[in-house]
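**Q** Provided below for reference: sequence and predicted model.
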Amino acid sequence: MNRQPLPSLDRFRLLAAVLVVAIHTGPLGSFSPAADLWLTRVLARVAVPYFAMVSGYFLARGHWQGTGRLWRHTLGLYAASVLLYLPLNLYAGNPVGWRGLVFNGTFYHLWYLPALLLALPIARLLAGTGRTGWAVAGLLYLIGLGGDSYYGLAGQLPGLGALYEVVFTLWDYTRNGLFLLPLFLLLGAAFAPRPVPAARPSTWLFLAGLGAMTLESLALHTAGIPRHDSMYLFLPLTMWGLFGLLLAVNGGQDRAVRRTAALVYILHPWCIVAVRGAARFLGLRGLLVENSLVHFAVVVPLSVALAFALQSLTGRRTLPPDVRAWREIDLAALRQNTALLRDALPASCALMAVVKADAYGHGAVPVARTLQREGVRLFAVACLSEGIRLRKADIRGDILILGWTDPAQAPVLRRWRLCATVADADHGRALSAQGVPVRVHLAVDTGMHRLGIPAEEIGTLAELFALPHLRVEGVYSHLCTSDGTSQADRAFARQQTGTFVRTLALLRGMGLDPGLTHLQASYGILNPACTAGHTFGAARPGLLLYGVYSDSNPVDHPLPLRPVLSLRARVAAVHRVPAGAGAGYGLAFTARRDTCLAVLAIGYADGLPRNYGAQGGVVLLHGARCPVVGRVCMDQMLVDATDLPTPPKAGECATLIGTDGAGTLRAEEVAVACGTITNELLSRLGSRLGLLVRDI
Ligand SMILES: *Cc1c(COP(=O)(O)O)cnc(C)c1O
């Protein structure tokens with residue numbers, strides 16, 4: 001069992017949310033005011049900058065493509081939170097004014113949401129400006145610092161004092177979206193393009209920063225300087241160490257924990273009110289409120305429990321009740337992969353998105369629509385019907401058919417404005433002979449011997465350019481060893497590239513314009529040595545868009561892609577099978593112990609390989625790996641769930657590809673266990689499977 005380390009970046013959000021609860025409950029207040037001051041005014045001050053950093057980091061990893069979405073999501077969360085706290089505002093007699101709504105948040109903890117709404121566009125703007133951006137964010141932080149824990153000093157300076165007077169007519173504090181958050185969004189973003197830092201120096205940096213912050217806070221408080229105590233000179237340094245340390249452990253994502261942390265943050269003031277109310281009602285104020293530690297220790301689990309309850313309610317709603325087995329598509333991951341790919345390609349090389357085979361089982365229409373919205377203008381499919389389907393779904397860019405098209409379909413090609421591949425000379429002549437203008441790309445065979453006019457037949461290629469009804473808009477070839485790892489594989493790919501480049505030069509020398517040139521598919525991008533520095537007009541990745549590799553072989557230039565697809569199925573039934581009994585077709589499985597068998601409602605008619613369990617295949621149940629046993633049937637498969645602490649129940653959900661709780665099964669691992677590659681595994685996932693498209 002190869003367990004992935006837990007994604008600590010998102011997990012720490014939960015701890016940060018608990019630190020925020022500490023700020024608002026003062027856990028050590030009734031024991032040692034000094035210790036409480038340190039806990040809530042020094043240590044816990046890492047929480048909010050951390051939220052900003054982790055947002056900045058993930059945004060920058062997606063090339064800031066997700067900024068608008070996060071902004072809208074934050075706006076929605078803020079609107080809901082304003083409503084949620086309205087009763088408390090009314091009860092306390094606090095009117096909700098525009099200063100509260102726009103600047104300070106309508107309840108004490110809600111300031112972060114309007115602050116983030118302001119800081120996101122600022123950081124997005126600054127992120128593109130290099131050093132200027134850092135200078136501006138740093139200066140803003142220093143101004144904020146002067147209005148926060150250094151106010152006793154900075155407020156005395158004539159110019160600054162006047163500035164703060166203006167600032168404080170809008171905000172109650174300078175720890176806001178203008179002065180505090182932009183720097184931390186940028187600091188988080190700065191980690192995205194860097195190699196993962198080493199844990200040890202980061203730990204020392206964090207401890208040193210925290211020590212310095214402690215002394216700083218002590219000195220400032222002794223001298224009576226702070227107006228507020230959210231910002232310190234040493235806070236950015238401390239955060240750099242802390243973030244590096246967490247990233248070194250594991251920089252992955254865990255959305256469930258992220259949502260829980262956000263809910264704990266939003267809900268905890270209501271829990272504080274509830275605990276106080278309950279304490280008064282029960283006559284337990286001495287224990288539940290005045291004992292600060294008990295108070296904290298009750299508020300935290302209550303907030304977490306409430307967050308979980310809310311999540312499980314909404315979680316259940318997203319499970320499609322009528323579907324027995326389905327694919328789940330994460331469009332945010334697709335967008336991120338697209339951005340990464342575009343970044344990996346030279347600026348002059350366009351992205352031709354390969355969405356054949358129903359976008360490798362992901363659903364061609366939602367995938368192509370999403371890509372179109374991201375500005376992709378070139379698509380490739382395998383056959384005519386796939387192209388027509390995209391046109392019917394309003395995909396407007398160029399669509400190239402990579403496979404063979406019956407020449408008699410020339411009028412259909414024209415009607416749907418599709419571009420055909422000329423598979424060989426006879427095919428080209430037959431297409432032209434239909435008498436209607438056809439847009440084509442010429443395939444050149446540089447050694448794969450699949451489709452294409454042999455590169456040596458330059459005269460034939462030139463002749464195709466001259467045919468009356470062919471409009472040659474592109475010339476391309478395909479590498480057949482770019483996914484190999486051996487020297488010979490690479491040498492062959494370089495040889496194909498050389499042949500292709502020479503062919504293009506010969507055509508140009510004859511005064512012919514090859515139009516759009518393209519050679520690389522996914523592995524030609526991952527292994528740039530294959531193309532030896534040559535660049536073309538476009539590249540044709542398929543697999544990489546979907547965030548997976550073919551298998552687990554190493555590549556030269558890996559990309560931090562996110563898998564787009566998860567595959568899930570419901571548990572149809574659960575049986576106890578005594579030791580010695582067999583199960584499934586041919587009784588291929590024999591129980592060696594008393595066994596708990598879960599029957600999943602998915603089988604080879606849904607596109608699963610029939611030998612799924614034969615070489616150690618597993619599925620996730622309750623987040624844990626359970627072996628697939630026996631032969632996969634047409635519509636069901638059997639899973640050994642004996643080792644689960646609680647047996648599964650009918651109707652529950654199993655994960656065949658994707659994440660469930662702490663467990664993750666990658667498509668690469670599943671493909672290898674079935675003796676194939678992800679290209680085949682994914683593209684065969686059948687239309688009988690439901691398709692659940694998520695966009696967050
Ligand atoms: C399928 C295909 C691609 C895409 O291949 P990936 O390895 O998935 O990137 C590109 N070009 C041609 C000709 C193809 O058939």
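**A** Good, I have the coordinates. As the structure is a computational prediction, the values presented were derived from the model and not from experiment.
**Q** check what pLDDT the closest residue to residue 467 other than its chain neighbours gets.
**A** Once flanking residues are discounted, residue 467 sits nearest to residue 432: 4.0 Å by C-beta to C-beta, 6 or more residues apart in numbering. For glycine as for every other residue, the C-beta is placed from the backbone atoms N, C-alpha and C. If you check residue 432, the pLDDT there is 97.
**Q** mind listing what's buried along the host helix or strand of residue 432?
**A** Using DSSP states H and E, residue 432 sits within helix 425-433. Going by neighbour count (16 or more other C-beta atoms under 10 Å), the buried part of helix 425-433 is 425, 427, 428, 429, 430, 431, 432.
**Q** got it, and stretch 110-126?
**A** Those would be 110-120, 122-124, 126, for stretch 110-126 by 16+ other C-beta under 10 Å.
**Q** pretty sure residue 172 contacts residue 105?
**A** No. Using C-beta atoms under 8 Å, residue 172 is not in contact with residue 105; the gap is 9.4 Å.
**Q** could you tell me which residues touch both of those two?
**A** Jointly contacting residue 172 and residue 105 under the rule C-beta atoms under 8 Å, 6 or more residues apart in numbering are residue 111.
**Q** which one's more surrounded, these two?
**A** The neighbour comparison of residue 172 against residue 105 (other C-beta atoms under 10 Å) goes to residue 105, with 21 against 16.
**Q** who are the contact partners of whatever residue of the stretch 201-350 of the chain ends up closest to the ligand?
**A** Nearest residue of the stretch 201-350 of the chain to the ligand: residue 341, at 10.0 Å (C-beta to the nearest ligand atom). By C-beta under 8 Å, 6+ apart, the contact set of residue 341 is 351, 525, 541, 544, 545, 559.
**Q** isn't residue 555 up against residue 524?
**A** No. The criterion here is C-beta under 8 Å, and residue 555 misses it with residue 524 at 10.7 Å.
**Q** between those two, which is the more surrounded one?
**A** More crowded of residue 555 and residue 524, by other C-beta under 10 Å: residue 524, with 24 against 17.
**Q** near the ligand, which residues of this structure show up?
**A** 354, 356, 402, 478, 521, 522, 523, 540, 541, 542, 543, 679 (C-beta under 6 Å from any ligand atom).
**Q** how about CSV for these, with secondary structure added?
**A** Compiled in CSV, the residues of the chain next to the ligand are given as follows (DSSP: H, G, I helix; E, B strand; the rest coil):
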residue, secondary structure
354, strand
356, helix
402, coil
478, coil
521, coil
522, helix
523, helix
540, coil
541, coil
542, coil
543, helix
679, helix
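**Q** please, a ChimeraX command that selects the buried ones among those?
**A** Buried subset of these, written as a ChimeraX selection, criterion 16+ other C-beta under 10 Å:
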select :354,356,402,478,521,522,523,540,541,542,543,679
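**Q** dump the residues of the chain next to the ligand to TSV, plus distance to residue 412 and pLDDT.
**A** Formatted as TSV, those follow (distance: C-beta to C-beta, whole Å; pLDDT from 0 to 100):
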residue	distance to residue 412	pLDDT
354	21	98
356	18	98
402	17	98
478	25	98
521	26	98
522	30	97
523	33	96
540	23	98
541	27	98
542	24	98
543	29	98
679	28	97
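**Q** ranges for the helices of the stretch 401-550 of the chain?
**A** Counting by DSSP state H, counting those that start in this stretch, the stretch 401-550 of the chain has helices at residues 410-415, 425-433, 458-466, 487-509, 522-526.
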